[in-house]
Structures are given as C-alpha cells and as structure tokens.
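> what follows is a predicted structure for the sequence shown.
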Amino acid sequence: MSVPKFAQIKQFILENIRAGHWQENDRVPSENELTNQFQVSRMTARRALSELTEAGILTRNQGLGTFVASFKSQSSLLEIKNIADEVKARNSHYSCTILVMESIRAIAPIAIALSVEVDSHVYRSVIVHNENEQPLQVEERFVNPLLAKDYLQQDFHNQTPHEYLSRVAPLTEARHTVEAVMPNPEMCEWLNLYNEEPCLQVIRRTWSSQGIVSFARLVSPGSKYRLGGHLTFKK
C-alpha cells in the first residue's frame with residue numbers, strides 16, 4: 001500500500017528533526033519548497049505542515065515561515081490548574097466520563113513529543129471533564145510509562161490525571177500552545193455540540209525532573225471556557 005504524499009512529507013520532516021539535522025527554532029521548508037520537492041499540490045504540503053503544527057512539533061509564523069518548535073519549557077501566562085478544582089471553585093459539581101484508557105505504540109509525532117522511541121509503548125487516555133453534568137473539556141493525554149508506570153490502573157473518577165501525575169512525577173516545567181480550532185465530528189459528539197462551534201485547544205507538554213511526563217490536548221467549547229493570566233513585574 002502506497003503511503004499518502006502528505007504522510008511522506010511529515011515523515012521527511014520528523015526524520016530530519018530526530019536525526020538532528022534541524023534543531024529547535026530552525027526553519028523548515030516552505031509550502032512552495034515542499035510542493036516542488038515532492039511534486040504535490042500546495043494543499044497537500046499545507047496539510048502536512050498543519051498537522052505537525054497541531055501536534056506541537058512545528059510552529060508557524062505568518063510572513064516568516066515554519067520552524068521546529070522548542071521542546072523545552074517557555075514562559076507562559078498560563079497557570080496549570082486542576083480542572084476539578086476550577087469547577088468546584090465556581091460552586092459547581094465536577095464529574096468525568098472516561099472514554100479511553102489504553103497502551104499504544106507511539107507514532108513519530110507522539111514519540112518526539114514524549115522523547116521516546118518510535119513504536120515504543122506509551123499510555124493514552126481520553127477523558128471528558130464535566131461541569132454540572134455538561135461536557136466542559138476533552139482531555140486526550142499521552143503519558144511516558146517510565147515516569148508513571150501505574151497510570152492505566154488509576155480510577156480517574158476519584159482524581160484527575162493532573163492530580164495523579166503531579167504526585168508521582170512533580171511538575172517542573174511546561175510548554176503550551178493555544179489556538180482556536182473547529183471540532184471534528186468525534187469531538188462534537190464528546191462535547192455534546194450540535195453545530196460547529198469554534199473550540200479552544202491547548203497543547204501542553206509537561207516535564208518532571210526526570211524528563212517529559214506527558215503530552216496532552218485539551219479541547220473546550222469557546223462558549224464555555226476561557227484562559228486568563230496574571231503578570232507581576234519586578235522593579
């Protein structure tokens with residue numbers, strides 16, 4: 001079976017990153033360059049770059065190009081909070097629906113995000129966080145089993161993944177990417193959306209002192225969730 005062209009382009013980019021040919025913040029080939037190199041349409045090249053950007057592997061800057069993302073922590077206005085605590089602070093009832101708890105083989109973007117070998121086993125969970133029985137956020141999380149070996153044995157009705165991971169692999173660093181996205185049909189079903197409402201997506205990679213612990217995608221309806229931050233400036 002032939003590999004789709006967009007997948008070939010993604011693999012080409014990922015192999016160059018893994019081999020160290022392209023370092024963090026290095027520019028990668030543009031849509032036009034990839035179109036000529038692989039003899040494909042710009043739409044195909046754009047799809048490859050967009051999917052790697054959504055996975056947090058690349059960053060795109062309008063007018064400047066596409067670059068290898070930094071896999072280290074960066075300053076952020078986002079404070080990492082436990083969603084269950086946020087809901088309870090609003091005097092609301094928190095609950096969750098566990099959709100997936102499994103061990104999978106890491107494809108290249110996930111392997112790079114977690115700094116593990118391609119095809120090595122990683123843990124995956126998909127959980128819907130609810131406020132007053134209404135879906136608030138879908139959390140899809142990939143976890144390094146070397147740093148949280150009992151992850152799949154946890155009952156996340158009693159504690160969130162964030163609470164568990166903060167206990168077994170205390171957070172030392174984090175990196176966030178925030179963007180507006182349109183939900184696919186599966187996401188609409190999970191979030192109980194009846195129209196294509198724009199959603200807020202946070203891609204979050206977290207570290208402990210021993211390495212990268214998890215890589216998560218957090219998706220919330222735009223009408224139900226917002227982010228805020230507080231900055232303190234030193235004189």
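Yes, it's here. For clarity, every value in this text was computed on a predicted model and none was experimentally measured. Numbering: from 1, shown residues only.
> mind listing what's buried along the strand or helix carrying residue 15?
In the assignment (DSSP states H and E), residue 15 maps to helix 5-18. Within helix 5-18, the residues scored as buried using 16 or more other Cβ atoms under 10 Å are 5, 6, 9, 10, 12, 13, 14, 17. Where C-beta positions appear, they are placed from N, C-alpha and C, glycine not excepted.
> helices and strands around that helix, which ones?
Other helices and strands packing on helix 5-18, by 3 or more Cβ pairs under 8 Å, 6 or more residues apart in numbering; DSSP states H and E, are helix 31-38, helix 42-54, helix 108-114.
> before we move on, the earlier item: now distance to residue 24 too, for the buried residues of helix 5-18, in a markdown table please.
What follows is those, written out as a markdown table (distance: Cβ to Cβ, whole Å):
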| residue | distance to residue 24 |
| --- | --- |
| 5 | 27 |
| 6 | 24 |
| 9 | 20 |
| 10 | 18 |
| 12 | 18 |
| 13 | 14 |
| 14 | 14 |
| 17 | 9 |
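> need the residues you listed in CSV (columns: pLDDT and distance to residue 113).
Shown next, in CSV, are the buried residues of helix 5-18 (pLDDT from 0 to 100; distance: Cβ to Cβ, whole Å):
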residue, pLDDT, distance to residue 113
5, 91, 23
6, 91, 19
9, 93, 19
10, 91, 14
12, 93, 18
13, 91, 14
14, 87, 11
17, 84, 11
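> related to what we said a few turns ago, and the helices and strands packed on helix 5-18: which comes nearest residue 182?
helix 42-54 (11.9 Å; Cβ to Cβ).
> quick check: buried residues in the next helix or strand after that closest one?
Using DSSP H and E, the next helix or strand after helix 42-54 towards the C-terminus is strand 58-61. Across strand 58-61, burial judged by 16+ other Cβ under 10 Å covers 58, 59.
> what lies in contact with strand 58-61?
13, 28, 49, 52, 53, 66, 67, 68, 69, 177 (Cβ atoms under 8 Å, 6 or more residues apart in numbering).
> please repeat the previous calculation with a cut-off of 7 Å.
With contact meaning Cβ atoms under 7 Å, 6 or more residues apart in numbering, strand 58-61 is reached by 28, 49, 52, 53, 66, 67, 68, 69.
> name the nearest of the residues you listed relative to residue 128.
residue 53 (24.9 Å).
> how about the closest one: what's its closest non-neighbour residue?
residue 60 (5.4 Å; Cβ to Cβ, 6 or more residues apart in numbering).
> what residues are bridge-paired with that neighbour?
residue 66 (DSSP bridges).
> so who does residue 192 touch?
By Cβ under 7 Å, 6+ apart, the contact set of residue 192 is residue 135.
> what are the phi and psi angles of it?
phi 60, psi 40 (degrees, to the nearest 10).
> do the same with residue 97
phi -120, psi 120.
> so it sits right up against residue 129, yeah?
No - Residue 97 is beyond contact range of residue 129, at 8.4 Å (criterion: Cβ atoms under 7 Å).
> so the two - more neighbours on which side?
Neighbour totals were compared for residue 97 and residue 129, and residue 129 leads with 21 against 14 (other Cβ atoms under 10 Å).
> is that one bridged to anything, and to what?
residue 96, residue 137.
> now swap in residue 103 and tell me
Here residue 103, judged by DSSP bridges, has bridge partners residue 123.
> hang on, isn't it packed against residue 123?
Yes - using Cβ under 7 Å as the test, residue 103 is close enough to residue 123 to be in contact (5.8 Å).
> between these two, which contacts overlap?
Joint contacts of residue 103 and residue 123 (Cβ under 7 Å, 6+ apart) are residue 152.
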